[in-house]
Structures are given as C-alpha cells and as structure tokens.
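Colleague: got a sequence here, can you model it:
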Amino acid sequence: QVQLVESGGGLVQAGGSLRLSCVVSGSILSINSMAWYRQAPGKQRELVAAVSSGGITNYADSVKGRFTISRDNAKNTVFLQMNSLKLEDTAVYYCNADVRRVWAPKSSPYWGQGTQVTVSS
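Modeller: All right, here's what the predicted structure looks like:
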C-alpha cells in the first residue's frame, strides 16, 4: 500500500507565501514523477507543477516565476514553495506521485487527500 500525506496548506494574504509538503510512504520500490495539482470550486483539477526523478521541472504558465517544485528523493518527499500568492491560487492542492511498488511490474499514479490553500485580500 502507498500513502501520500500533504501538509502546509492554510490561509494567507495575497502576496504572501506558503510551502506545501507531501511525504510518500509504503512498499515503494521507486518513485518516478511527482507533481502538484489543484482544484478550485467549480473548476477542473489542473496541473500546477511537476518534477521528474532526475529533477526536471515544468510549471503551469499561471504559476511560473512564483512557485517552485522540488523533491528530496532520500525522504520520498515533494515540496511546493508558493510565493506572491494571488486570490486565484485559492484551491485544494493535491500531491501526485507515480510509484512503483515492491513486486509490481510497473508504476501507478497515487494521490494525496488534498490540502486547502486560501488566499485572502
């Protein structure tokens, strides 16, 4: 079994910063890509940022220059540093990881439970 546990969400004023963390645990053989998605009320879930096992990153245009994704492979953890937050960043943020479990023939995507980020004016 694989679990993803997010932390770091909360309420912040526009222009402020938050740092999200997501720890992956369980019977893990390897973790490929790790990513953060978000879903605002009434909207579809969208990719915010992703990082490959080799450290290559990509970002949604809306967060480029403000958000930074990083990972600690030794701790099976992915981070999202969010700076210069805007009202439109308000959403539930979900951690995603492509994990190969021990004895599994291939990897599969897993999701965290989500953490609320609310940006106020």
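
Colleague: list the buried residues for stretch 95-106?
Modeller: Taking 16 or more other C-beta atoms under 10 Å as the neighbour-count basis, stretch 95-106 is seen to contain the buried residues 95, 96, 97, 98, 99, 100, 101. For the C-beta atoms, the positions are set from N, CA and C on the backbone; glycine is no exception.

Colleague: for that stretch, what is the average pLDDT?
Modeller: Here stretch 95-106 scores 95 as its mean pLDDT.

Colleague: which residues sit in contact with the most far-flung residue of the chain relative to its centre?
Modeller: Most distant residue from the mean C-alpha position of the chain: residue 103, 25.9 Å away (C-alpha atoms, centre = their mean). By C-beta atoms under 8 Å, 6 or more residues apart in numbering, residue 103 lies in contact with 27, 29.

Colleague: where's it, which helix or strand?
Modeller: In this assignment (DSSP states H and E), residue 103 forms part of neither any helix nor any strand.

Colleague: burial check on residue 24, number of neighbours?
Modeller: One way to gauge burial is a neighbour count; for residue 24, by other C-beta atoms under 10 Å, it gives 21.

Colleague: what are the boundaries of the strands in this structure?
Modeller: Secondary structure of the chain (DSSP state E): strands at 2-7, 10-13, 18-26, 28-39, 46-51, 57-59, 67-72, 77-82, 91-101, 108-111, 115-120.

Colleague: got a list of what the nearest residue to residue 121 once chain neighbours are set aside touches?
Modeller: Once flanking residues are discounted, residue 121 sits nearest to residue 14: 5.6 Å by C-beta to C-beta, 6 or more residues apart in numbering. With contacts defined as C-beta under 8 Å, 6+ apart, residue 14 is in contact with 85, 86, 87, 119, 120, 121.

Colleague: swap the cut-off to 10 Å and go again
Modeller: When the contact criterion is C-beta atoms under 10 Å, 6 or more residues apart in numbering, the partners of residue 14 are 84, 85, 86, 87, 88, 89, 90, 119, 120, 121.
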